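Peer 1: here you go, sequence then predicted model.
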Amino acid sequence: MEKTDLKRELKHLYQPSAKQVSIVDVPTMNFLMIDGQGDPNTSQAYADAIEALFAVSYTLKFAVKRGPLAIDYGVMPLEGLWWADDISDFVTGERSRWQWTAMIMQPDFITPTMLEEAIVDVRTKKDPAALPLLRFEPFAEGLAAQVMHIGPFSEEGPVIERLHAFIEEAGRERTGKHHEIYLSDIRRADPAKWKTVIRQPMR
């Protein structure tokens, strides 16, 4: 059976330095996505989105492993795009007005037919509330700056400021949405050791 480690193959995208901001050119990749609004710490919609994304992602993984392709791969980490209609809501931390897209990258051999079969399977066994909201589409991010944040989410502020300053000092401007990649299992890991990739597209 073939085995593939996507995080290792894409190490430059998923394992940046915590000491230095780096510039990456992110290729177009396919994602399972669910959109929503609200505080991720208290929003049932956010919890429902995560449940549906992981349920379908793991169902796809095991279907591929057992199927004709016979490829064993690790499910990729949860990612999030974050924005607000009024940027001041980000500055003041008014999370109830935050907009988000929760998403998980999928290998390029996952097809719409595979996804449809996985959704039927998940609906039959679990039927998570957010399953009807799930979509599968390519996401093109392009040129971006990124850095690793180590610690709780509440301490991201200075790291984000350093990332933005790097972009400005490089003579570029921010574009697109604030992007985070969650590498740690926050249910088990010490918050002081949580690893989060902070990424900002630029031009």
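Peer 2: The structure has been received and is ready for your questions.
Peer 1: buried ones in whichever helix in the chain runs longest?
Peer 2: Longest among the helix segments of the chain by residue count, using DSSP state H, is helix 44-66. By 16 or more other Cβ atoms under 10 Å, the buried positions in helix 44-66 come out as 45-53, 55-57, 59-61, 63-64. Every residue, glycine included, has its C-beta placed from N, CA and C.
Peer 1: what does stretch 110-129 give?
Peer 2: Taking 16+ other Cβ under 10 Å as the criterion, stretch 110-129 shows 110, 114-115, 118-119, 121-122, 128 as buried.
Peer 1: return the subset of those residues lying in helices.
Peer 2: With helices taken from DSSP H, the overlap with these comprises 114-115, 118-119, 121-122.
Peer 1: which of the buried residues of stretch 110-129 sits closest to Val24?
Peer 2: Comparing the buried residues of stretch 110-129 against Val24 with Cβ to Cβ places Ile110 closest, at 22.8 Å.
Peer 1: which stretches of this protein have low pLDDT?
Peer 2: Within the chain, the stretches falling below the threshold (pLDDT under 70) are 87-93.
Peer 1: the residue most central in space within it: what secondary structure?
Peer 2: Ranked by distance to the mean C-alpha position of the chain (Cα atoms, centre = their mean), the top residue is Glu79 at 1.1 Å. For Glu79, the secondary structure call by DSSP: H, G, I helix; E, B strand; the rest coil comes out as strand.
Peer 1: i'd like the first residue to be 91 from this point on
Peer 2: Shifting the count to begin at 91 puts that one at Glu169.
Peer 1: could you pull up the residues touching it?
Peer 2: Listed by Cβ atoms under 8 Å, 6 or more residues apart in numbering, the contact partners of Glu169 are 121, 192-195, 269-272.
Peer 1: off-centre distance for stretch 105-120?
Peer 2: Using Cα atoms, centre = their mean, to the nearest Å, the mean C-alpha position of stretch 105-120 is found 13 Å from that of the whole chain.
Peer 1: what's the domain layout of this structure?
Peer 2: With automatic domain parsing as the criterion, the domains of the chain are listed as 91-117+231-293, 119-229.
Peer 1: compare the contacts of Glu169 and tell me which has the most neighbours.
Peer 2: The member of the contacts of Glu169 that has the most neighbours, counting by other Cβ atoms under 10 Å, is Ala192 with 28 neighbours.
Peer 1: can you pull the contacts of that one?
Peer 2: Neighbour list for Ala192: 123-124, 126, 136, 139-140, 143, 168-170 [criterion: Cβ under 8 Å, 6+ apart].
Peer 1: please redo it, this time with the cut-off set to 10 Å
Peer 2: For Ala192, the set of contacting residues under the criterion of Cβ atoms under 10 Å, 6 or more residues apart in numbering consists of 121-126, 130, 135-140, 142-143, 168-172, 220, 223-224, 272.
Peer 1: please consider this matter closed, and thank you.
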